[in-house]
Every structure is written in structure tokens, then in C-alpha cells.
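Asker: no FASTA, just this:
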């Protein structure tokens, strides 16, 4: 049982690899103007996801790019297209599923570069702007529709796309739903609500509906709220809090670890995380603005992912 008087364990993340200079292109874009307040950006990295071969895939939202990073840290541009890729997860058939803020739910064959639009609308209504996604062990896909929602406009949505193609809306009053994951038992959906600086817990009923949605974690501070989240194999939750670092909460949603960079001024936008390494005890973290990918050894193992079953 967690002892609330036990000091929090601090883990320092180190740079694993950095985006090569040839891929950096500092400029404004139609994505960065509203989301970065008209600032010029070189990149905005997100969505780390591993394939079965151990390659790490990341996306660059404002410039519509998806990269493959080898285990040695070498970068390769897989595709660049007219879109804003935000969240990515591998299907067990090898396809990369992408939540694209502009284009909806996409799939990509990373070997051929063939991209397909799987879902552009929900019930004939356009999405607000898809953000992140997570596969259940049966192939059902859970994803967030964030757009520009927030506390003043709590209309963000969470959907489930079943493996048989059936779409269901699970929530429609979220203040900026962002990262999403499932508990190890798959009886709860966890969603990071960026603008309310919190993580919500959605209990899944036997019929697939949601009941008694509640608050799992209330954060404070930072430059924004939680971004990417991921569950570990002990039913602990990793939460990327922009401006702070990555919190690890135990199964009771009490904090046990904080992972951050020693160079906080450069690495203050740690926005998403994925487990990798041969023992799945190595985490890899995208830093949005610097173009760096950080890594750290952790004492807890990652949850088994659908794309690597």
C-alpha cells in the first residue's frame, strides 16, 4: 500500500535522439497560429509508437510529417501529407492508425506509404479535431475528439470504434479530452482533460456503455494540463503534464514517481510517452518544441500493447 509520507522518487530522462537539422523548418502555419499563438515553430513532435521491429514512430503535427526512428536513433521521413497528425498507435496487422486533427481517423501502411481515411465524420457530423487513441485487446479503438474545447466550451468527445465498425460516443462534455488509455483489466477508460488539468475515469459497463464517470486525478501547476497518458503493467498511470514532467500514479491514483529532464528550460513540453526496450521498462518521451526524444529507465513494466501482441 502506498505510504503518503514516502518521498516521491525522481527519475531523470536523457536525450535519446534529436530531429536532424535537414528536417527542421522554422515557420508559422495554419496549425501553429491558433495553437502556438502565431509563433514560428520548427516542429511539434507527438505520438511515440513502436512497431514490432523496435522502430519508434513519431509525428510532427504542423507540417504533416511522420518519422521512423531506428533503435540506433537514426531518422527517416515515412510520409508528409496535407494533414495534422496528432496521435498514433499500431494495429496488430501492422497498419499505423492516426488521429489527424484535420482529416479524421487515418490508416497508414508504413511499408508502402499508402494512406487511407477510415473515418471522417461521426453520425454525419464533422469531428472537432481528433487527438489521441488507444486499442483494446479485442481490437476496439478508443479515441478523443478535442478540437479547441476547454473549460468555457466543455464539448469534447470520446468515441469507441469497435472492431466490427460500430461507432459509439461515450462522452460529449469533456473540457479538452487529450490522451487516452485503458486499465489493465480494460474495465476503465482514462482520459486526460488538458484544460481542466485533470484525468477522468470512465467505467465501462457490460453492455459497452459508460456510467458514473468520475475524477481520477486533479493536477495543479504547469503550463497546461495533461497531454499524453499511458498505463503500465501494474495498473499505474503515466501522465505527461506540460511544464512539469511525467507523473507516475499507482493503482490508487496516488503519485509515486516524477520523470523529467535536467534541462527543464529546453524540455518543458514533454507531451507523450511510450514503453520500449527488450524488457518494456524503458520509456521514450517526445518533447514537442525542441525536436528531442528523451528516454529513461523505469522500475515498472509497460502494459502489453495491441500492436505488439
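Answerer: Perfect, I can see it now. Because the structure is predicted, anything quoted here is derived from the model rather than measured.
Asker: I figured residue 192 hits residue 224, correct?
Answerer: No. With contact defined as C-beta atoms under 8 Å, residue 192 does not count as touching residue 224 (10.3 Å). (C-beta placed from N, C-alpha, C; glycine too.)
Asker: more neighbours, these two?
Answerer: Legend: neighbour count by other C-beta atoms under 10 Å for residue 192 and residue 224, higher for residue 192 (32 against 16).
Asker: how close does the nearest residue to that one once chain neighbours are set aside get to residue 52?
Answerer: Counting by C-beta to C-beta, 6 or more residues apart in numbering, residue 192 lies nearest to residue 226, which is 3.5 Å off, once chain neighbours are set aside. Applying C-beta to C-beta, to the nearest Å, the value for residue 226 to residue 52 is 28 Å.
Asker: more neighbours: the two, which one.
Answerer: Ranked by neighbour count (other C-beta under 10 Å), residue 226 and residue 52 place residue 226 first, with 29 against 11.
Asker: for the lowest-mean-pLDDT helix or strand in the chain, packing partners?
Answerer: Ranked by mean pLDDT, DSSP states H and E, the helix or strand of the chain with the weakest confidence is helix 32-35, at a mean of 86. For helix 32-35, there is no helix or strand it packs on, judged by 3 or more C-beta pairs under 8 Å, 6 or more residues apart in numbering; DSSP states H and E.
Asker: next structured bit after that helix?
Answerer: Tracing the chain C-terminally past helix 32-35 and defining elements by DSSP states H and E, one meets strand 45-50 next.
Asker: pLDDT of that following strand, averaged?
Answerer: Averaging pLDDT along strand 45-50 gives 98.
Asker: buried residues in the very next helix or strand once past it?
Answerer: Remark: after strand 45-50, the chain's next helix or strand is strand 56-60, criterion DSSP H and E. Neighbour-count burial for strand 56-60, counted by 16 or more other C-beta atoms under 10 Å, picks out 56, 57, 58, 59, 60.
Asker: and which of those is nearest to residue 125?
Answerer: residue 59 (25.0 Å; C-beta to C-beta).
Asker: next, the distance between the ends of stretch 230-239.
Answerer: 7 Å (C-alpha to C-alpha, to the nearest Å).
Asker: contacting residues for residue 291?
Answerer: 18, 19, 23, 24, 42, 43, 45 (C-beta atoms under 8 Å, 6 or more residues apart in numbering).
Asker: check which helix or strand the residue lying closest to the last one once chain neighbours are set aside maps to.
Answerer: Nearest-residue entry for residue 45: residue 286, 4.3 Å, with adjacent residues in sequence omitted and distances by C-beta to C-beta, 6+ apart. Taking DSSP H and E as the criterion, residue 286 maps to strand 282-287.
Asker: quick one on the thing from earlier: ok, the residue nearest to residue 192 - contacts?
Answerer: With the criterion set at C-beta under 8 Å, 6+ apart, residue 226 makes contact with 178-179, 192-194, 197-199, 217, 219, 239-241.
Asker: again with residue 116
Answerer: 106, 107, 108.
Asker: turn those residues into JSON lines, including neighbour count and secondary structure.
Answerer: Below are those laid out as JSON lines (neighbours: other C-beta atoms under 10 Å; DSSP: H, G, I helix; E, B strand; the rest coil):
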{"residue": "106", "neighbour count": "22", "secondary structure": "strand"}
{"residue": "107", "neighbour count": "16", "secondary structure": "strand"}
{"residue": "108", "neighbour count": "22", "secondary structure": "strand"}
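Asker: any idea where the helices of the stretch 51-200 of the chain begin and end?
Answerer: For the stretch 51-200 of the chain, no helices are identified by DSSP state H, counting those that start in this stretch.
Asker: about what we covered before: so which bits of the least confident helix or strand of the chain are buried?
Answerer: 32, 35.
Asker: what's in contact with that helix?
Answerer: By C-beta under 8 Å, 6+ apart, the residues outside helix 32-35 that reach it are 38, 39, 40, 41, 44, 62, 148.
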